[in-house]
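J.: Mind looking at a prediction? Sequence and model below.
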Amino acid sequence: MSSKYPLLNEHIYAPYKIAALVEVLAEQGIAPEKSLKGSGIEPGQIYDASVLTSVRQYAAVCRNAIELSSNPATPFKTGSRLHLAAYGMYGYALMSCLSLRDYFRLGVKYHRLATPTLIIEWTEYPDRAVWTFPNAFASNPSREVQRFLLEQQYTQHVTHLQDVAGHSCPPLLARFSYPQPVHANIYSEYLGCPCEFGAEQCELIYDSAILEQKPQLAHTHSAALLQETCDRLIGQAKTSVGASGEVYQVLMGKPGEFPDMETVSAALKMTSRTLRRRLEAEGTSFLAILDDVRCSLATEYLKTTKMTTEDVAMLLGFSDTANFRRALKRWTGKAATEIRDQ
């Protein structure tokens, strides 16, 4: 199974990867202004939840890191800091999986939600589970940038699996398709496993015995709900790209608070007129996206809590329960009792 090819220019990702890399470089005495040069991102934006960035912008910061830093551990240090909690819905969905097999599977399925810099694939064999990176040196960035991204990606995988499992869960073996570098010892230090170079392809190999393990935060209801949300985010263009995706992320960032269009457009650093025009060009509207968010939350609360319909209506900003019932029927074609019964 494989992920879709990364969208390089879409500004749809929070800048958490950029922030982690800038922090690592700052510890080496490299000013954030230099780390971010040419990326179109200002130092004050890397911790701003309303700022959305692209894969290409992240690649620009990686290019700066290669030019400015003489420390070969930089990509590994960055990958080790990128814990799943920083990945929003994607991260929470993976942490609540019911088995590590589900984690491997969903890590690929929802990879597009995680500022993807490389295509990843996962294959299960009788004795091993293997991550592969088929386009590691086949896309636009330079070979040096691709190698930087690959080293960071491997370390992220190790970090994320430890986050999910709740304990150290190192690979059996890491394979790289390029010759052994002089600093090869760094690879084993961060990945916790033997490393081979000059291999046919880039692979991260795990013992298949771990796949039945239960993650530390496994939760049936949370897993179903969060995977449903990720399915919607990745399956509908309106909620994953463009202006509509930006609006969706702002609204989902604070469920229960429903800012108006003026507030959201200000958060996105544009006028409400510009936002309305961009949404119309994408075939949607602010109210349609707000309805989608409210519908998602209503379904979540009704399926997974014991709150009364009146309480749910209030949480979703309805002063009148009857209005909420009508809206729910319009959104889903079902009554609250029917959704609960599901």
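T.: Cool, got the structure. Since the structure is predicted, the reported quantities are computational estimates derived from the model, not experimental observations. Residues are numbered from 1 along each chain as shown.
J.: Need the per-residue pLDDT for the spatially most central residue of the chain.
T.: Nearest to the mean C-alpha position of the chain, counting by CA atoms, centre = their mean, stands residue 114 at 2.6 Å. We have a pLDDT of 71 for residue 114.
J.: does residue 24 really touch residue 76, like I thought?
T.: No - using CB atoms under 8 Å, residue 24 is not in contact with residue 76; the gap is 9.4 Å. For every residue, glycine as well, the C-beta is placed using N, CA and C.
J.: In a strand, residue 215, correct?
T.: No - looking at residue 215 with DSSP: H, G, I helix; E, B strand; the rest coil, it is coil, so not inside a strand.
J.: Now do the contacts for it.
T.: 95, 96, 97, 98, 99, 100, 103, 164, 165, 166 (CB atoms under 8 Å, 6 or more residues apart in numbering).
J.: Over to residue 145?
T.: Shown in contact with residue 145 (CB under 8 Å, 6+ apart): 59, 62, 63, 66.
J.: May I ask which helix or strand encompasses the second one?
T.: The one in question is residue 62. Assigned by DSSP states H and E, residue 62 belongs to helix 55-68.
J.: Let me see the mean pLDDT of that helix.
T.: For helix 55-68, mean pLDDT is 92.
J.: what helices or strands is it leaning on?
T.: In this structure, helix 55-68 packs against helix 16-26, helix 32-35, helix 74-81, helix 143-165, with contacts taken as 3 or more CB pairs under 8 Å, 6 or more residues apart in numbering; DSSP states H and E.
J.: Quick one, grab the pLDDT at the nearest residue to residue 85 once chain neighbours are set aside.
T.: In space, residue 85 comes closest to residue 91 once its chain neighbours are excluded; the distance is 5.8 Å by CB to CB, 6 or more residues apart in numbering. Residue 91 is assigned a predicted lDDT (pLDDT) of 80.
J.: Same question for residue 124.
T.: Residue 124 carries a pLDDT value of 91.
J.: List the residues that contact the residue nearest to it when sequence neighbours are not counted.
T.: The shortest distance from residue 124 to any non-neighbouring residue, by CB to CB, 6+ apart, is to residue 208 (6.3 Å). Shown in contact with residue 208 (CB under 8 Å, 6+ apart): 124, 125, 126, 127, 128, 129.
J.: in the host helix or strand of residue 247, what's buried?
T.: Following DSSP H and E, one finds residue 247 within helix 242-253. Residues 242, 243, 244, 245, 246, 247, 248, 249, 250, 251, 252 are the ones in helix 242-253 that count as buried (16 or more other CB atoms under 10 Å).
J.: Could you list the low-pLDDT ranges of the stretch 201-342 of the chain?
T.: 221-222, 225-227, 229-241, 252-256, 342 (pLDDT under 70).
J.: before we move on, the earlier item: ok, the contacts of residue 145 vs residue 271, which is closest?
T.: The closest of those to residue 271 turns out to be residue 59 (CB to CB; 30.3 Å).
J.: my read: the closest one touches residue 116, true?
T.: No - at 11.5 Å, residue 59 does not count as touching residue 116 under the criterion of CB under 8 Å.
J.: of the two, who's got more company?
T.: residue 59 (22 against 19; other CB atoms under 10 Å).
J.: how far away is that one from residue 293?
T.: For residue 59, the distance to residue 293 equals 31 Å [CB to CB, to the nearest Å].
J.: Residue 193 too?
T.: According to CB to CB, residue 193 and residue 293 sit 42 Å apart.
J.: Then residue 109?
T.: As judged by CB to CB, residue 109 and residue 293 stand 22 Å apart.
J.: give me the low-pLDDT residue ranges for the stretch 1-150 of the chain?
T.: Using pLDDT under 70, the stretch 1-150 of the chain drops low at 1-12, 49, 115, 135-141.
J.: try 90 this time
T.: 1-16, 47-57, 59, 83-98, 102-122, 132-146 (pLDDT under 90).
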